[in-house]
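Engineer: Need the 3D shape of this:
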Amino acid sequence: MRKILRLAAKSVAGLLLLVIVLAVGLRLAAHFRETEEAAALAPANGQFIDSTFGKLHVSFWGDPGGQPVIMTHGMAAWGGLWRETAEALAGKGYRVIALDQAPFGFSDNENSDYSRSSEALRLVEVLDGLKIDKALLVGHSYGGGVALEAALRFPGRFRGMVLVCPVTGLFGRGDGAPSVSAALPLPLRSQFMREMLVSATASNPLLTRFLLGRFAYLKQNIRDDHIEVLKRPLMRIGTTRSTALWLKQFIEGDPQALSMDRKAVAQYSVPAELVWGDMDTVTPIEQGDDLAGLMQVSHFTRLAGVGHMPQIEDPARFNEALAAALGRLSVSPFASWEVRPVASAF
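Structural biologist: Sure, this is the predicted structure:
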């Protein structure tokens with residue numbers, strides 16, 4: 001029996017050592033891969049905007065004179081992932097501005113305040129830098145929470161808002177109190193351990209396709225160009241370090257965030273619509289039903305057979321739904337907007 005126990009102990013120790021060596025190797029690989037400056041990797045249709053958070057990167061599509069639509073993205077993505085949707089909207093006369101939310105994409109990642117309230121301020125500073133008084137706002141996934149925060153804090157800057165499968169952190173409590181985010185697990189309280197985790201997952205280009213597939217229902221519609229877009233910023237200096245800092249703040253939540261307070265969201269005033277995939281397992285559509293009632297949204301578009309990434313899974317149908325939502329918001333003057341019953345489509 002003792003011989004068996006010793007053999008088992010040696011096997012466990014050997015396996016643990018192998019895991020440690022692999023984790024350290026992946027972190028070193030990230031270090032040697034992340035050597036490029038943001039400006040060298042940024043796309044041709046991009047621009048850097050000066051802000052109090054450093055230089056913020058945005059991608060543009062459409063006529064500069066068109067009605068501005070500013071868009072936010074999900075976790076570990078950047079504005080370039082909106083390209084197909086942005087081109088469709090540009091074809092309808094909109095000026096699309098896709099913000100890279102720090103630390104993702106090419107926005108400055110040296111300012112390490114990635115709280116939701118600061119991300120919302122970054123968004124408004126982009127509007128200031130571009131001298132845009134009022135814009136339509138589209139927020140997806142993690143960026144949906146940022147968009148909602150911006151609209152709550154600066155309602156006069158937005159003509160209307162469309163949230164697409166947003167991650168808000170509002171759910172799990174019904175007493176009207178602010179939501180409580182999860183406590184940071186003990187192993188992840190170390191920046192080094194978080195960097196090890198990030199280098200093995202989010203900043204590891206070998207896993208980009210697999211991780212994107214975890215968010216999608218129609219995985220077969222993920223194309224090579226989607227993967228290449230997501231890989232593009234992974235060579236940027238500081239990607240793993242800044243993502244590990246972001247992860248800590250994301251898990252712990254932002255106690256200053258109005259968008260995580262059900263009472264504050266219930267007082268929401270900007271015209272809003274929701275677009276949601278009914279097969280979304282990241283933010284299940286039941287959260288959309290709750291949010292629609294809480295915010296008194298004017299229209300709720302449900303996309304049948306689509307998951308958390310509708311702009312990738314079914315771009316034609318999603319683009320049609322988003323264009324319709326923006327069209328309704330464009331002809332609904334802010335000053336005369338009134339709360340209307342929740343509607344469904346699709």
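
Engineer: Quick one: the helices in the stretch 151-300 of the chain, in order.
Structural biologist: Assigned by DSSP state H, counting those that start in this stretch, the helices in the stretch 151-300 of the chain fall at 191-200, 208-215, 224-231, 239-252, 262-266, 285-295.

Engineer: same deal with the stretch 1-150 of the chain?
Structural biologist: Using DSSP H, counting those that start in this stretch, helices in the stretch 1-150 of the chain cover 2-33, 38-41, 83-90, 116-129, 142-153.

Engineer: Out of those helices, flag the one nearest Thr201.
Structural biologist: helix 2-33 (9.1 Å; CB to CB). From N, CA and C alone the C-beta is placed, and that goes for glycine too.

Engineer: any idea of the mean pLDDT for the closest one?
Structural biologist: For helix 2-33, mean pLDDT is 66.

Engineer: re earlier: quick one: closest of the helices of the stretch 151-300 of the chain to Val124.
Structural biologist: helix 262-266 (17.2 Å).

Engineer: and the strand or helix carrying Ala323, which residues are buried?
Structural biologist: Assigned by DSSP states H and E, Ala323 belongs to helix 315-330. Using 16 or more other CB atoms under 10 Å as the test for burial, helix 315-330 gives 315, 317-319, 321-326, 329-330.

Engineer: For it, enumerate the helices and strands it packs against.
Structural biologist: helix 83-90, strand 135-140, strand 158-164, strand 272-277, strand 299-303, helix 310-313 (3 or more CB pairs under 8 Å, 6 or more residues apart in numbering; DSSP states H and E).

Engineer: Mean neighbour count, distance to Lys248 and mean pLDDT for the ones you listed - can I get that in TSV?
Structural biologist: Output for these, formatted as TSV (neighbours: other CB atoms under 10 Å; distance: least, CB to CB, whole Å; pLDDT from 0 to 100):
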stretch	mean neighbour count	distance to Lys248	mean pLDDT
helix 83-90	20	30	98
strand 135-140	27	22	98
strand 158-164	27	25	98
strand 272-277	27	29	98
strand 299-303	21	33	98
helix 310-313	25	28	98
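
Engineer: and Gly288, which of the ones you listed is closest to it?
Structural biologist: The nearest among the helices and strands packed on helix 315-330, by CB to CB, is strand 272-277 at 4.2 Å.

Engineer: quick one: contacts of that closest one?
Structural biologist: With CB atoms under 8 Å, 6 or more residues apart in numbering as the test, strand 272-277 has contacts from 151, 160-165, 217, 283, 285, 288, 291-292, 295, 297-303, 305-310, 313, 318, 321-322, 325, 328-329.
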